[in-house]
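1. Here is my input, please return the structure:
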Amino acid sequence: MAFRAKCLRLFLLSLVFPLFSAILAVGQSNCSINLGAVLTAGGNSPPWISPAGDFAFGFQRLQRSPSTNQDRFLLAIWYDNIPDQTVVWSLNDHPVEEGSRVQLTNEGQLTLYDSQGQQVWKADTGNERTACAAMLDSGNFVLLDAASIYLWESFRLPTDTILPGQRLYKDGRLIPRRSDADYTDGRFQLRMQLDGNLVLYPVFLPTRAVARRAYWASGTNRPDADSELVFAEAGLIYIEDRNKNIFNVTKQNLGSRQNFYYMAKIDYDGAFRHYNHPRGNSTADAGRNTLAWSIVQTTPEDMCSAVLADLGSGACGYNSYCVNSGGRPNCLCPQGYSPVDPLDMSQGCKPNFNLPSCQQNGWESSVDSVEFKELNNTDWPFTDYELQTGPDVDKERCKEFCLRDCYCAAAIYNENNCWKKRFPLSNGKQSASVNRIALIKVPRNNQTTLCPKSKDRSTVVLVVSVLLGSSVFFNFLLLIAISVAIFLIYHKKMLNLQPASTLYGIRRYTYKELEDATEGFKQQLGRGSFGTVYKGVIHSNPMRHIAIKKLDMAEKGGENEFTTEVNAIGQTHHKNLVNLLGYCDEGTNRLLVYEYMSNGSLASLLFSTSRPRWNQRLQIAFGIARGLTYLHEECSTQIIHCDIKPQNILLDEYLIPKISDFGLAKLLLSEQSRAARTHIRGTVGYFAPEWFRKASITSKVDVYSFGVMLLEIVCCMSSVKFAMGDQEEALTDWVYDCYSEEKLEMLVEDDEEAMNDMNGVARLVMVAIWCIQEDPSLRPSMRRVTQLLEGVAQLSDPPRPSAVGSTRIAASERQ
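-> Have a look, this model is predicted:
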């Protein structure tokens with residue numbers, strides 16, 4: 001027993017002694033800044049230096065203020081032993097002028113005063129009195145009380161950088177500077193979320209609103225994670241949860257700090273980078289001519305590809321494009337454009353000409369005054385407003401489409417597809433993987449500039465008069481006019497003779513071409529209504545995958561479906577609809593060629609073992625609603641889908657939802673108000689009650705299906721499997737019970753991100769309940785649904801949906 005007691009005493013001493021030693025060291029050697037100490041901006045007083053001389057606290061000189069033409073200073077901490085004196089902490093939102101001062105007052109307050117003596121900032125120590133301050137060798141500036149307890153420390157209030165020994169606590173954030181020379185808050189944010197996920201978000205200036213979707217996440221979110229980002233003394237960066245589980249952010253342990261300085265920061269381009277720098281007396285990097293910071297790791301590796309979003313300008317500013325150069329995004333302007341700020345390319349580019357006015361005298365109205373500048377492997381993916389596609393659409397035809405549209409700022413061409421883009425161009429990217437050509441519309445020879453010079457109009461009038469006086473010139477003009485007229489008449493006739501598939505811009509393939517594209521229909525992606533879907537590759541473009549739906553004509557109605565799909569999809573172009581690329585109707589073969597969606601169906605995303613992020617589900621719901629609104633209200637002829645379910649929602653590489661499989665879609669002609677019940681196919685659980693009655697079939701059947709699917713998006717549960725399980729009720733009934741009993745948190749259990757947005761959860765649930773009302777007249781239109789989801793329309797409490805519809809559907813699905 002005595003031996004055990006002795007061991008216990010030694011163990012306790014081993015724990016207490018290092019702590020006691022650390023406190024003693026701070027109290028005796030590091031607490032070197034006493035009450036009354038002052039530093040003056042631009043003065044001769046030296047900064048407060050750490051004991052080993054590695055770090056300094058004081059004023060850093062900034063560039064002169066354009067408005068006052070005076071020097072500006074930033075209260076900061078920096079590496080003092082390296083030539084560029086890299087800043088690792090600052091009061092970046094409080095730049096001051098020469099003569100300003102920071103003082104540790106006799107009252108124990110660290111206070112910043114401007115040159116007029118007005119208080120600008122004060123360290124928050126609560127009601128405790130500071131006894132002294134210290135600049136530690138770790139890079140942490142601390143205020144201590146008489147017992148050497150930290151009352152305030154810079155490590156707890158980071159700006160854009162963390163250092164070895166520092167932690168980013170729950171809800172902690174790093175915000176980059178605006179540019180290399182501008183220390184104000186920039187366009188991005190690194191955040192250690194409450195759910196344990198480390199994420200990078202775009203930020204919209206000047207409001208500082210944070211984007212809904214992150215462009216990088218660690219994927220470490222879990223209930224009660226209580227996680228922190230840790231920068232270990234040895235240089236390794238990792239996320240540690242409350243149970244001491246570790247997720248490495250950096251890939252390797254970089255060794256001792258005796259040879260290198262380390263830091264990790266979110267740079268103004270939005271990337272989180274891990275750096276090292278040889279110490280001045282180190283031989284670890286003897287091969288270098290100069291000592292400088294080196295990048296150890298960049299997250300994400302390609303910012304140009306990472307920051308792609310519907311909202312915002314992307315990695316670079318508007319009207320610019322991004323090129324990944326040595327792990328950094330290089331922002332460039334296309335020809336005819338110049339930087340908004342040459343010192344900060346991330347602010348984007350402005351046209352060197354007046355924007356198109358769409359007036360008869362506008363520069364864009366004359367064919368001879370317009371030219372196109374080409375950029376290979378370049379795209380602006382989120383600003384298109386119209387797609388022209390077809391076998392006769394080549395690059396020159398694409399230019400013509402843009403030329404004759406005054407709203408068109410640029411066109412993107414790729415394999416018989418021409419996307420017209422409007423101002424401002426956003427999310428621009430140039431890369432070898434972008435198999436597209438950008439066609440930038442600009443005035444020819446800078447004929448129309450922002451500051452046009454005056455011309456000698458008398459000379460122009462004289463030349464025109466001489467030309468018009470020549471009979472030869474008149475005959476020449478007459479000949480051109482006749483030629484143009486003949487061409488237009490012939491062209492019009494040719495258009496009238498073209499088959500419908502060509503008019504709709506859809507390519508017709510031979511069966512052999514599609515058989516070769518799929519290697520004999522080798523890889524099956526899935527089976528849908530009336531056919532099987534295969535993955536293939538267009539031989540003319542091996543980088544582009546396609547999905548080929550081979551219709552099973554042995555089943556009754558297959559040919560009808562083929563005609564419906566070709567005619568319906570061929571006339572629709574929307575961001576949230578799948579794009580039909582071509583078809584085959586050779587002999588008895590009926591095939592449809594679609595764009596390939598790399599992330600599969602919404603069903604596979606929602607009902608997998610790992611739940612997708614709440615914000616991702618929100619954006620998917622919004623996108624589907626917009627796509628259905630387009631089908632119902634924005635097509636020249638209304639289209640009812642009739643089979644909306646997660647299996648028919650496909651996701652592209654950016655998780656943008658696209659409505660697919662128009663197998664049940666009917667073009668709603670003016671005289672058509674009822675559907676033939678013999679054509680009903682699909683999953684019954686998503687069908688509106690009117691399908692089973694002698695009632696009119698309207699677009700409200702899609703609204704009902706969307707409502708059921710919206711509940712699945714909220715809960716990440718399949719309504720069909722829910723109804724077939726042990727539950728005594730349908731998913732729709734259970735959700736309404738949770739809503740009426742104010743227990744919506746049951747729908748999103750173990751989903752911390754959703755739990756933090758219960759107002760958003762409630763909104764989606766209320767909209768869904770309105771959508772699944774048994775009476776179609778009570779259901780909102782899809783346009784109204786979109787407005788309710790986005791919060792631009794007032795949402796009232798929904799009544800309880802009739803139990804008849806939901807229980808009948810559940811019962812029929814069990815049979």
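2. Strands of the stretch 501-650 of the chain, residue ranges please.
-> 507-508, 524-528, 531-537, 545-551, 580-584, 591-595, 639-640, 649-651 (DSSP state E, counting those that start in this stretch).
3. Show me what the first one is in contact with.
-> Contacts to strand 507-508, defined as Cβ atoms under 8 Å, 6 or more residues apart in numbering, come from residues 390, 391, 416, 501, 502, 581, 582, 583, 584, 585, 593. Where C-beta positions appear, they are placed from N, C-alpha and C, glycine not excepted.
4. In PyMOL, how would I select the buried members of these?
-> Selection of buried members from those for PyMOL, criterion 16 or more other Cβ atoms under 10 Å:
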select buried, resi 390+416+501+502+581+582+583+584+585+593
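5. Identify the farthest-apart pair in the contacts of strand 507-508.
-> Farthest pair in those (Cβ to Cβ) is 416 and 585. Separation: 18.6 Å.
6. sorry, back to before: in TSV, list the strands of the stretch 501-650 of the chain along with mean pLDDT and distance to residue 229.
-> Shown next, in TSV, are the strands of the stretch 501-650 of the chain (pLDDT from 0 to 100; distance: least, Cβ to Cβ, whole Å):
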stretch	mean pLDDT	distance to residue 229
strand 507-508	80	51
strand 524-528	80	40
strand 531-537	88	40
strand 545-551	87	38
strand 580-584	84	45
strand 591-595	87	39
strand 639-640	85	49
strand 649-651	92	30
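7. Quick one: low-confidence residue ranges for the stretch 451-600 of the chain.
-> 451-506, 528-530, 540-543, 552-565, 567-569, 571 (pLDDT under 70).
8. try the stretch 651-800 of the chain
-> Ranges of the stretch 651-800 of the chain meeting pLDDT under 70: 662-684, 720-729.
9. make it 50
-> 663-664, 666-682, 724-728 (pLDDT under 50).
10. quick one: the helices in it?
-> 700-715, 719-724, 731-740, 752-755, 758-771, 782-789 (DSSP state H, counting those that start in this stretch).
11. In TSV, list those along with distance to residue 423.
-> Listed next are the helices of the stretch 651-800 of the chain as TSV, based on distance: least, Cβ to Cβ, whole Å:
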stretch	distance to residue 423
helix 700-715	33
helix 719-724	43
helix 731-740	43
helix 752-755	35
helix 758-771	32
helix 782-789	24
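12. Adding distance to residue 398 and mean neighbour count, write the ones you listed out as JSON lines.
-> Formatted as JSON lines, the helices of the stretch 651-800 of the chain follow (distance: least, Cβ to Cβ, whole Å; neighbours: other Cβ atoms under 10 Å):
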{"stretch": "helix 700-715", "distance to residue 398": "34", "mean neighbour count": "25"}
{"stretch": "helix 719-724", "distance to residue 398": "44", "mean neighbour count": "20"}
{"stretch": "helix 731-740", "distance to residue 398": "47", "mean neighbour count": "20"}
{"stretch": "helix 752-755", "distance to residue 398": "42", "mean neighbour count": "20"}
{"stretch": "helix 758-771", "distance to residue 398": "40", "mean neighbour count": "20"}
{"stretch": "helix 782-789", "distance to residue 398": "31", "mean neighbour count": "21"}
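13. Which of the ones you listed sits closest to residue 305?
-> helix 752-755 (24.0 Å).
14. Which neighbouring elements make contact with the closest one?
-> Here helix 752-755 touches helix 614-629, going by 3 or more Cβ pairs under 8 Å, 6 or more residues apart in numbering; DSSP states H and E.
15. what about the helix it packs on, average pLDDT?
-> Across helix 614-629, pLDDT averages out at 92.
16. Neighbours of residue 299, how many?
-> 20 (other Cβ atoms under 10 Å).
17. nope, residue 536 is what I meant
-> For residue 536, using other Cβ under 10 Å, the count is 23.
18. right, and it touches residue 546 too?
-> Yes. Between residue 536 and residue 546 there is a contact under Cβ atoms under 8 Å: 5.0 Å.
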